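Student: build me a structure from this.
(chains A and B)
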Amino acid sequence: QKEVEQNSGPLSVPEGAIASLNCTYSDRVSQSFFWYRQYSGKSPELIMSIYSNGDKEDGRFTAQLNKASQYVSLLIRDSQPSDSATYLCAVAGGGNKLTFGTGTQLKVEL
Amino acid sequence: GAGVSQTPSNKVTEKGKYVELRCDPISGHTALYWYRQSLGQGPEFLIYFQGTGAADDSGLPNDRFFAVRPEGSVSTLKIQRTERGDSAVYLCASSLNPSTSGFFYEQYFGPGTRLTVT
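Tutor: Predicted structure coming up:
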C-alpha cells in the first residue's frame, strides 16, 4: 500500500463547476497536509496547507481534513481552464520530509 | 521577494560522469530539502538540511549521491558516476526551520534542474 494515494485521473470538469480532489494516507502520525499545483514542465506550487480536522478556505480553494479517516481533499469552486494542472497531495509526519502522492490530473473544459 | 533558485535548469551528461546541482534557498529559510521527481510521479525525498548539517539523508538512493550546505545557505547536490536511471528533475525546497513543537512549516520549491544522463 502506498503511503499517500491519489486517483491519477484525468478528472474532467466543465468550466464553472466544482472540482473535488481526494487523497488518503496510511501513516496515522501524520500531522501536516499540503496541496501543490504543478503545471506541465513546471515545479510544484503550494496552494493550501491544513493541520487540523475540518475545512480551511482560501479564495476558490477549500481543503478538508479528516484524520480519523486518514483523508484529505481539495475542492476548487468555479473551476477555470487555468486550473488545469496536476494536483499533488503531500503529507508530513514524523520527521521533516514530505511524502507525495502521484498526483491527480485535472482538466477544466470550456 | 526572491524565491528558491536552482542552477542549471537543464543538464545533459554522459553515463559515468560527475554532476553538481546547485540550490539557493529563500532568504531567511534555514531548512533546505532536495527531492527527485520522475515522469508521472510525485517528488521523492532525498535529503534535508537544518543549517549546515544533514538532519535526514534517508532518501539518498546510494553512496553516489551526496549533498553539502557548508555555510547554511546554498546547497549542492553531487552525483558521482551517473547512471541513466538518475535522469529526473531534481527539486530543491526551503522552509522556515521546523520548531521543536513539531509544527511543520510550508515548503516552497525552486524551478528544478532537469538532469538527463545519456
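Student: what comes up buried for the helix or strand where A:Thr24 lies?
Tutor: Following DSSP states H and E, one finds A:Thr24 within strand A:19-25. Within strand A:19-25, the residues that count as buried by 16 or more other Cβ atoms under 10 Å in any protein chain shown are A:Ala19, A:Leu21, A:Asn22, A:Cys23, A:Thr24, A:Tyr25. The C-beta positions use only the backbone N, C-alpha and C, and glycine is treated the same way.
Student: thought the second one was touching A:Gln6?
Tutor: Yes: with contacts defined as Cβ atoms under 8 Å, A:Leu21 counts as touching A:Gln6 at a distance of 7.5 Å.
Student: tell me what the closest residue in space to A:Gly103 that isn't next to it in sequence is bridged to.
Tutor: Sequence neighbours aside, A:Thr86 is the residue nearest to A:Gly103 in space, at 4.2 Å (criterion: Cβ to Cβ, 6 or more residues apart in numbering or on different chains). Per DSSP bridges, the residues bridged to A:Thr86 are A:Gln38, A:Gln105.
Student: what number of residues lie near A:Thr86?
Tutor: The number of residues packed near A:Thr86 is 22, by other Cβ atoms under 10 Å in any protein chain shown.
Student: my guess is it meets A:Gly101, correct?
Tutor: No: counting by Cβ under 8 Å, A:Gly101 is not a contact partner of A:Thr86; they are 10.2 Å apart.
Student: against A:Thr86, how distant is the residue in chain A positioned nearest to chain B?
Tutor: Closest contact between chain A and chain B, by Cβ to the nearest Cβ, is at A:Phe100 (3.0 Å). From A:Phe100 over to A:Thr86 the distance is 11 Å, taken as Cβ to Cβ, to the nearest Å.
Student: pLDDT wise, what is the residue nearest to A:Gly103 at?
Tutor: You'll see A:Thr86 listed with a pLDDT of 98.
Student: quick one: contacts for it?
Tutor: Residues near A:Thr86 by Cβ atoms under 8 Å, 6 or more residues apart in numbering or on different chains: A:Arg37, A:Gln38, A:Tyr39, A:Ser40, A:Gly103, A:Thr104, A:Gln105, A:Leu106.
Student: for PyMOL, what selects the buried ones among the residues you listed?
Tutor: Applying 16+ other Cβ under 10 Å to the contacts of A:Thr86 leaves a buried subset, and the PyMOL line that selects it is:
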select buried, chain A and resi 37+38+103+104+105+106
